[in-house]
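Peer 1: Here's my sequence, what's the structure:
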Amino acid sequence: MSKINKRDLQRPSGFPDLSPVQAIAIRDATSIIREEYELAGFSPMTTSIVERPEVLTAKNEGEILNQIYGLRLLNPASDAQDDSKELALRFDHTVPLARYVATLYHELEFPFRRYAIGPVFRGERPKDGRYRQFTQADIDIIGNGSLDLLHDAEMVAVIARIFTRLDVGTFTIRIGHRKVLQGLLQAVGLQDEVLQAKALQEIDRLEKIGRKNVTKNLCDIGMSEVNAEALLQQLETTSLDTLTDLATENSLLREGIEELSEVLHGVEAHAVDSAHYQLDLTIARGLAYYTGTVYETRLDSNPGLGSIASGGRYENLTGAFSNHSLPGVGISIGVTRMMKRLIQAGIYPADRKTVARVLVAQATTSPKTRIQALEVAAMLRQQRIATEVYIDSARLAKQLQFADRRGFTWVVILGIPDMEPGHVAVRTLATGEEERIPIKLLPTKLS
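Peer 2: Coordinates of the predicted model:
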């Protein structure tokens, strides 16, 4: 067997390795997200990482079509039935959910509530904070025929609880509505749906490229400069009341205002702190399947991180897979993208190199002490205390140095020559304090 070239060992661009420090921090954050999803009554569900391309491309989502990873066997077996068929990696959790719901429609109870946490794949250009493989954490609620708007309000409450617990600083959930946007586009003379879609994409880039460039791009689409300026001014409103006069003769705008008002009242009913959310009509979201409420969440102290949680309502996501009307609403948190950048910015703590709290060390390396170390570790693990044993022969000073570097909370030391039988020494690494206690009291001391 030939030796692999060192260059061939480099990981593919955009597919990150996570160190134990990073992985532990991300695991802890994901645990909070999972707990809050379940607290709100969402049940876990997983779908296949691999889908048929026709499923993933059914919604024809423009740029996404250019980011889908294909899949094939390097050495297909001659008798394998699926080897010759095209397969692809999922780019989100929502399209596989639509396929699942459409397929099992008659077996599900509606509203159908689920959460999904797992990897997705996109062939976009890798750069800081953006990867080709990353973990997303989604919740969605799917209705049968209809879905009450108060479900949209619940999404805001869930986001607020998650980021309050993550303790990453002040944040703002910005809430907009696609019907309000489309109604305002109609009001300034843009009636064509294709042109409206292009205009929405430009509005969605407002924060990134600035008002001047968006105005120019709207004019290139076919809007007059006066109307483009009027539109952007209307989008800056902080109260829906200012749009009521425009809505008198515009049924779509009126419907959007009524729906968004109901959602905002629902958010108040969920007792979400008003400092955590605001009306923002410039939120458009790029994906065309959003049809109503849309959300984006930003850290107030670090807006450069971009949206850390987003989503919205879609009236007919399963339309390509089913004749049933199955509206839904959902949010997604790009866990890997978000956490890597929060860690790099020092906003989220990442200093634990081990999940174990206790290291069992040995002052002597006698066979009896080595066996006793394993017995002590077994006892602590039975009490659900994460424990590691330093098995290799080494001086006690080296073992303590190892424990300090790894970030253990305590070191349990066995085999000290003058120690009373049946006792161990427990050193608290943060303070350096050490005391000798009976082995049977260890679980109480370390719990």
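
Peer 1: From now on I want contacts and neighbour counts done on CA atoms only, so please keep to that.
Peer 2: Will do.

Peer 1: give me the number of residues near Arg298?
Peer 2: 20 (other CA atoms under 10 Å).

Peer 1: which secondary structure elements does the strand or helix carrying it contact?
Peer 2: Under the criterion of DSSP states H and E, Arg298 resides in strand 293-299. On a contact count with 3 or more CA pairs under 8 Å, 6 or more residues apart in numbering; DSSP states H and E, strand 293-299 meets strand 171-177, strand 309-314.

Peer 1: Which residues does it contact?
Peer 2: 152, 168-178, 260, 283-285, 305-313, 331 (CA atoms under 8 Å, 6 or more residues apart in numbering).

Peer 1: From what I see, Asn217 and Glu202 are in contact.
Peer 2: Yes. With contact defined as CA atoms under 8 Å, Asn217 reaches Glu202; the gap is 7.0 Å.

Peer 1: So the two - more neighbours on which side?
Peer 2: Applying other CA under 10 Å to Asn217 and Glu202 shows that Glu202 carries more neighbours, namely 22 against 18.

Peer 1: which residues touch that one?
Peer 2: Glu202 neighbours (CA under 8 Å, 6+ apart): 214, 217-218.

Peer 1: Only the C-alpha atoms, please, for the strand or helix carrying Gln186, written as PDB.
Peer 2: Gln186 is located in helix 178-187, with elements delineated by DSSP H and E. Presented in PDB, the C-alpha positions along helix 178-187 are these (Å, rounded to 0.1, in the frame of the first residue of the first chain):
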ATOM      1  CA  ARG A 178     -44.000  39.200   2.900                       C
ATOM      2  CA  LYS A 179     -47.500  40.200   2.100                       C
ATOM      3  CA  VAL A 180     -46.900  43.700   3.500                       C
ATOM      4  CA  LEU A 181     -43.800  43.900   1.400                       C
ATOM      5  CA  GLN A 182     -45.600  42.700  -1.700                       C
ATOM      6  CA  GLY A 183     -48.500  45.100  -1.000                       C
ATOM      7  CA  LEU A 184     -46.100  48.000  -0.800                       C
ATOM      8  CA  LEU A 185     -44.500  47.000  -4.100                       C
ATOM      9  CA  GLN A 186     -47.900  47.000  -5.700                       C
ATOM     10  CA  ALA A 187     -48.600  50.400  -4.200                       C
END
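
Peer 1: Renumber starting at 434 from here on
Peer 2: Okay, using 434 as the starting number, the last item reads as helix 611-620.

Peer 1: any idea of the angle it forms with strand 726-732?
Peer 2: 110 degrees (axes from the mean of the first three to the mean of the last three CA atoms, to 10 degrees).

Peer 1: Next, count neighbours for Val601.
Peer 2: Val601 - counted by other CA under 10 Å - has 16 other residues nearby.

Peer 1: Go ahead and confirm it touches Tyr781.
Peer 2: Yes. Applying CA under 8 Å as the test, Val601 and Tyr781 come out as touching, 6.2 Å apart.

Peer 1: separation between Val589 and Ser765?
Peer 2: 12 Å (CA to CA, to the nearest Å).

Peer 1: Next: Val528.
Peer 2: Counting by CA to CA - Val528 and Ser765 are separated by 13 Å.

Peer 1: count of residues packed around Pro782?
Peer 2: Pro782, neighbours per other CA under 10 Å, totals 14.

Peer 1: now it, nearest residue through space, not along the chain?
Peer 2: Ile776 (6.5 Å; CA to CA, 6 or more residues apart in numbering).

Peer 1: Which secondary structure element is home to the residue positioned nearest the centre of the chain?
Peer 2: Nearest to the geometric centre of the chain sits Ile766, at 2.5 Å (CA atoms, centre = their mean). Here Ile766 sits within strand 761-767, counting by DSSP H and E.

Peer 1: could you give the angle of the helix or strand that that strand is followed by to strand 742-747?
Peer 2: Once strand 761-767 ends, the next helix or strand along the chain (criterion: DSSP H and E) is helix 768-777. Relative orientation of helix 768-777 versus strand 742-747 (the same axes, to 10 degrees): 150 degrees.

Peer 1: which strands and helices sit next to helix 768-777?
Peer 2: Using 3+ CA pairs under 8 Å, 6+ apart: helix 768-777 touches helix 453-472, strand 566-575.

Peer 1: wait, which of these is closest to Val844?
Peer 2: helix 453-472 (20.1 Å; CA to CA).

Peer 1: so what secondary structure elements neighbour that closest one?
Peer 2: So helix 453-472, by 3+ CA pairs under 8 Å, 6+ apart, packs with helix 583-599, helix 768-777.

Peer 1: Let's have these in a markdown table, adding mean neighbour count and distance to Asn499.
Peer 2: Listed next are the helices and strands packed on helix 453-472 as a markdown table, based on neighbours: other CA atoms under 10 Å; distance: least, CA to CA, whole Å:
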| stretch | mean neighbour count | distance to Asn499 |
| --- | --- | --- |
| helix 583-599 | 20 | 30 |
| helix 768-777 | 20 | 20 |
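
Peer 1: Thanks a lot, see you next time.
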